[in-house]
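J.: Fold the following and give me the result.
(chains A and B)
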Protein chains: 2
Amino acid sequence: MGLYASILPLVAYAIFGTSRTLAVGPVAVLSLMTAAAAGKIAAQGSPEYLTAAILLAFLSGLILMALGVFRLGFLANFLSHPVVSGFITASGILIAASQVKHLLGISAGGHNLYEMVVQVAGKLGEVNWATVSIGLPALLFLFWVRSGLKPLLVALGMKEKAAGMLARGGPVVAVVAGILAVTFFGLADKGVRIVGEIPRGLPTLAVPGFDWALWKQLLGSAALISVIGFVESVSVAQTLAAKRRQRIDPDQELVALGAASLAAGVSGGYPVTGGFARSAVNFDAGAETPAAGAFTAVGIALAALFLTPLLYNLPQAVLAATIVVAVLSLVDFKVLSRTWSYSKRDFAAMAGTILVTLIAGVELGVTTGVLLSLVLHLYLTSKPHFAVVGQVPGTHHFRNVNRHAVVTPEHIVTIRIDESLYFANARFLEDTVYCVLGNRPDLQHLILMCPAVNHIDASGLESLEAINSRLKDAGIRLHLTEVKGPVMDRLKRTHFLEELTGKVYLNQFDAIADLDFDCAKAAIERTGKVTEPGTEPCPSQCIAGITETRG
Amino acid sequence: MGLYASILPLVAYAIFGTSRTLAVGPVAVLSLMTAAAAGKIAAQGSPEYLTAAILLAFLSGLILMALGVFRLGFLANFLSHPVVSGFITASGILIAASQVKHLLGISAGGHNLYEMVVQVAGKLGEVNWATVSIGLPALLFLFWVRSGLKPLLVALGMKEKAAGMLARGGPVVAVVAGILAVTFFGLADKGVRIVGEIPRGLPTLAVPGFDWALWKQLLGSAALISVIGFVESVSVAQTLAAKRRQRIDPDQELVALGAASLAAGVSGGYPVTGGFARSAVNFDAGAETPAAGAFTAVGIALAALFLTPLLYNLPQAVLAATIVVAVLSLVDFKVLSRTWSYSKRDFAAMAGTILVTLIAGVELGVTTGVLLSLVLHLYLTSKPHFAVVGQVPGTHHFRNVNRHAVVTPEHIVTIRIDESLYFANARFLEDTVYCVLGNRPDLQHLILMCPAVNHIDASGLESLEAINSRLKDAGIRLHLTEVKGPVMDRLKRTHFLEELTGKVYLNQFDAIADLDFDCAKAAIERTGKVTEPGTEPCPSQCIAGITETRG
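T.: The predicted structure is shown next:
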């Protein structure tokens, strides 16, 4: 099926794709997801299992095409980098764990790490030592090839590029050695499982039959496979395009990947997408046009026609060893500590994705990651950062009184709101203003500085109206400064600007110059009273208490 | 049960609450939600139905208390104003529709508007005309009292306040008239349903039994009742507190409302919360301390002890008429058009809430509204507004080239990003920058102006790194200006600032003065070449294409 998935889909992508170097085909993560989804329908290897895998490709193709046609490519943006990289690391571990049974020559199953470990541990008594004696050396050889061979060859005087090419040939050496060992030592009779007969010839074309019950069962998995595949493929394509200053069009990519998966679905393959390793090889080899993909398809078709009988004696343990070594290169724990030091929220999303993927499977893992990152983002914006600001001496610029030495006028407080005003933080804004109010009985003007307010929704507007009318009762005028064009357009459609007790100034300096000219002038001429950071008397305490909640 | 819910809970709130004027008790919306939730468990009026209602109060009390203890009051912020007002309007319609059967003297059911209409329509042949002849006049009378009586009394020379008091007495007149009509004309024998025996006396105290299956069934409804009740109550309390410059503490309010609902749960009542009408009366009457609530409780206890027999002959149709008139005052369609003109997104959330509440019930309605407003907000921030900015002549201030006449230096483009950089818009930022890049082959410096960037998450950081390295390849330096303190703190923990090809400037004017001193000076002195709004040649087209997606 992997071979079939590498013929027609490549041609389909070559026709519709916008990347010149992306190589589509079956990739590790989608293989795992397909196996998990089809495994829920039927036993691995059964005809129903194959039907389910083919149908997944077909459905995923339809979904991707639909997303592309309706220009919904932006949905993939909701899969954040931490979630994707956490997911790929967890998938690598899962795939590697699923191959352990082949290395030990035992039968075991399990859809998550816990089940796999328990099942393998329960059958340790049945280990086939002939299998281990061929699988373990293959595994060690491949690890060594990956890490040690290239530097060795370079040290021996070989050129960098040639050494890299040779090192990439490691899996071929292992496969050939495995086949020879089975053939000459008759290992198949000693319980070493071999790949056996692989159907020879080209795929036959057929549209999967319509079975609504089965479609419904697979639709969720197909959707997730589509999105994950799309995100992986677009990341790869963008990375490679950026190197040559080319551009890709995400919505057109959706259509192209959809066409590729549909092609897989009608030609006996399973879901495909752009893979990093194969695309990098394509790029290194100098692919300049999508025709490179078409040539690859021809090569694989020839292999499917003539080379499959040669693989009859390939031990499954050697195949497992090549898979384990390949997928463990996807596992990256360093990114965890890097993310931890940058942002605890991103770390939480990543760690949550990894844990849930390992414990409960790939679909729940990704879903958890996406929801977790959305919830954490919303929580963050629901408790925004606020700062009381003052004028930086000698400039027209205003910054946080707690971080900079600034000049602040008497009877005027300026609060800079560091978030759009929307329902989740509307009440928080009111609380902040009332808190400042309580600490400054001398106040005559309150300025809300809005350079960071990108939207004000109906809830935010109601809060502003409430603040305005409450300040009016207290004899304090409310002013707005640096309100952005789109926000102002919207406010002009309401009665708020008529009811506003103060003015809307284009910029903060204009406001201070208008309300307290002497102070603004003194600040510019550096003759005003400069308050050191954090020593601003009243409101800073109040705001500090609020900003501290941000950690 | 409504009487019982108005005794102990008032005392509990008086002890724990922070509002001096809030009057808690059974309110219309929670009554509807309780009826819907309990109606799923058992037939209306059955002992199991009553048990479920009491248990809802108990569970809701526990949930509110837990939320208060863990200081999770902010969760209520995710119910936006449009969702709450849409929900209240829809609830008003639903409650009014549920009373139509009493006005017509027929038996009908239904949990949503469609079911109610169908059931009533199917039984129009069974209408009891004696009931209609007492219900309809009551309905018309009450509508007239609400809208026409007060102006009439004032026109007749009565004082404003006294006229208002008298107008409020309308329902009492209707109820007394109804009772007298039934008593003297023997209407009960003509098929007019009457209220009948109301259990007399004070509630007995009992903790609801623990039945896990029942708890599990009611937990979701109880959670929703808690949140809706809390939002309604806090809104009322804040509105009234603002009038007297008092403050309320939302987390303590959660504890107090939790105590009130628990009190309802152990004394045979159903979920309670602070209601607007009763609180407004309390406020008007001059309540200064929570003791007002305790006195109200005593009054209601006396009524429960001595007045219930008087209501024996009250026709259900008259009761229904008072309910219909009261709840229809909650229905507000004007807010729909006001919201439509301000924001299509907020309108969509409101209309979605109303429609789903009417069609599929209160719980699904609120859930839909919350999810809809979250999704719309996320969509908005995933396609942020970007602007190319230039210096406003004579100032240090920089604004959108498409909106203001500004001065822009050659070889330098400044893009102001109007959103935090997070996973949902990280790719969009890259696209924008590459788009500008493609239109300006002469570019030497790209400045990202960040006054509106309140956070940069790991995905945003990766995008910045990608942009920086791509610009480096193109020989363009990347600068950042007006990066906020908290964002800068975070960036300092990464390698990004070392890899950055340009500088980070405290403010935009410093950057231009440093990179093109002549241009900055000319702009200040108003001698620079001023570009009229929207005539900036290259990047504006590109950006305009993007900003237009914002509509």
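J.: Please make it C-alpha for all contacts and neighbour counts, starting now.
T.: OK.
J.: List the contacts of the nearest residue to residue A:396 once chain neighbours are set aside.
T.: Leaving aside its chain neighbours, residue A:396 sits nearest to residue A:509 (5.8 Å; criterion: CA to CA, 6 or more residues apart in numbering or on different chains). Neighbouring residues of residue A:509 by CA atoms under 8 Å, 6 or more residues apart in numbering or on different chains: A:396, A:397, A:398, A:520.
J.: How about residue A:8: what's its closest non-neighbour residue?
T.: Closest residue in space to residue A:8, ignoring its immediate chain neighbours: residue A:263 at 5.7 Å, by CA to CA, 6+ apart.
J.: count of neighbours near whichever residue of chain A sits closest to chain B?
T.: Nearest to chain B, among the residues of chain A, is residue A:452, at 3.7 Å (CA to the nearest CA). Neighbours of residue A:452 under the rule other CA atoms under 10 Å in any protein chain shown: 24.
J.: from what I can see it touches residue B:454, true?
T.: Yes. Assessed by CA atoms under 8 Å, residue A:452 is found in contact with residue B:454 at 7.3 Å.
J.: anything in contact with each of these two?
T.: Shared contacts of residue A:452 and residue B:454 (CA under 8 Å, 6+ apart): A:418, A:419, B:419.
J.: elements contacting the host helix or strand of residue A:425?
T.: According to DSSP states H and E, residue A:425 maps onto helix A:423-439. Helices and strands touching helix A:423-439, by 3 or more CA pairs under 8 Å, 6 or more residues apart in numbering or on different chains; DSSP states H and E, are helix A:362-382, helix A:458-473, helix A:538-547.
J.: Looking at it now, give me its mean pLDDT.
T.: Mean pLDDT, helix A:423-439: 81.
J.: cool, stretch A:281-293 as well?
T.: 79.
J.: near chain B, which residues of chain A show up?
T.: A:77-82, A:242-243, A:339, A:341-343, A:346, A:382, A:385, A:396-397, A:403, A:418-419, A:423-427, A:451-454, A:457-459, A:470, A:485, A:490-491, A:493-494, A:507 (CA under 8 Å from any CA of the partner chain).
J.: could you flag which of those residues are buried?
T.: Buried by 16 or more other CA atoms under 10 Å in any protein chain shown: A:77-82, A:242, A:339, A:342, A:346, A:382, A:385, A:396-397, A:418-419, A:423-427, A:451-454, A:457-459, A:470, A:485, A:491, A:507, out of those.
J.: Can you pull out the low-pLDDT segments for the stretch 101-250 of chain A?
T.: Scanning the stretch 101-250 of chain A for pLDDT under 70 picks out the ranges A:239, A:242-247.
J.: sorry, back to before: in helices, which of the residues of chain A next to chain B appear?
T.: A:81-82, A:242-243, A:339, A:341-342, A:346, A:382, A:423-427, A:458-459, A:470, A:485, A:490-491 (DSSP state H).
J.: can you give me the helices for the stretch 51-200 of chain A?
T.: Assigned by DSSP state H, counting those that start in this stretch, the helices in the stretch 51-200 of chain A fall at A:81-104, A:113-122, A:129-144, A:150-155, A:160-168, A:170-185.
J.: Could you chop chain A up by domain?
T.: Domain assignment for chain A by automatic domain parsing gives A:4-331, A:386-550.
J.: Next, the buried residues of the helix holding residue A:425.
T.: Quick answer for helix A:423-439 (16+ other CA under 10 Å): A:423-429, A:431-437.
J.: re the thing from before, so the residue nearest to residue A:8 sits right up against residue A:6, yeah?
T.: No. When contacts are counted by CA under 8 Å, residue A:263 is not listed as touching residue A:6 (10.0 Å).
J.: Please identify every residue contacting each of these two.
T.: Residues touching both residue A:263 and residue A:6 by CA under 8 Å, 6+ apart: none at all.
J.: Please say which of those two ends up with more neighbours.
T.: residue A:263 (30 against 27).
J.: who's in contact with that one?
T.: A:8, A:9, A:12, A:58.
J.: just the angle between the helix or strand where residue A:236 lies and helix B:423-439, please?
T.: Element membership for residue A:236 (DSSP H and E) is helix A:212-243. With axes from the mean of the first three to the mean of the last three CA atoms, to 10 degrees applied, the angle from helix A:212-243 to helix B:423-439 works out at 40 degrees.
J.: Kindly export the following helix or strand past helix A:212-243 (C-alpha atoms) in CSV.
T.: Reading on from helix A:212-243 to the C-terminus, the next helix or strand found by DSSP H and E is helix A:250-266. Extracted C-alpha coordinates of helix A:250-266, given in CSV (Å, rounded to 0.1, in the frame of the first residue of the first chain):
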residue,chain,number,x,y,z
PRO,A,250,-1.9,27.4,1.4
ASP,A,251,-5.4,27.2,-0.1
GLN,A,252,-4.1,25.8,-3.4
GLU,A,253,-1.9,23.4,-1.4
LEU,A,254,-5.1,22.1,0.2
VAL,A,255,-6.5,21.3,-3.2
ALA,A,256,-3.3,19.7,-4.3
LEU,A,257,-2.9,17.5,-1.2
GLY,A,258,-6.6,16.7,-1.5
ALA,A,259,-6.0,15.6,-5.1
ALA,A,260,-3.1,13.5,-4.0
SER,A,261,-5.0,11.8,-1.2
LEU,A,262,-8.0,11.2,-3.6
ALA,A,263,-5.5,9.6,-6.0
ALA,A,264,-4.3,7.4,-3.2
GLY,A,265,-7.9,6.5,-2.4
VAL,A,266,-8.7,5.4,-5.9
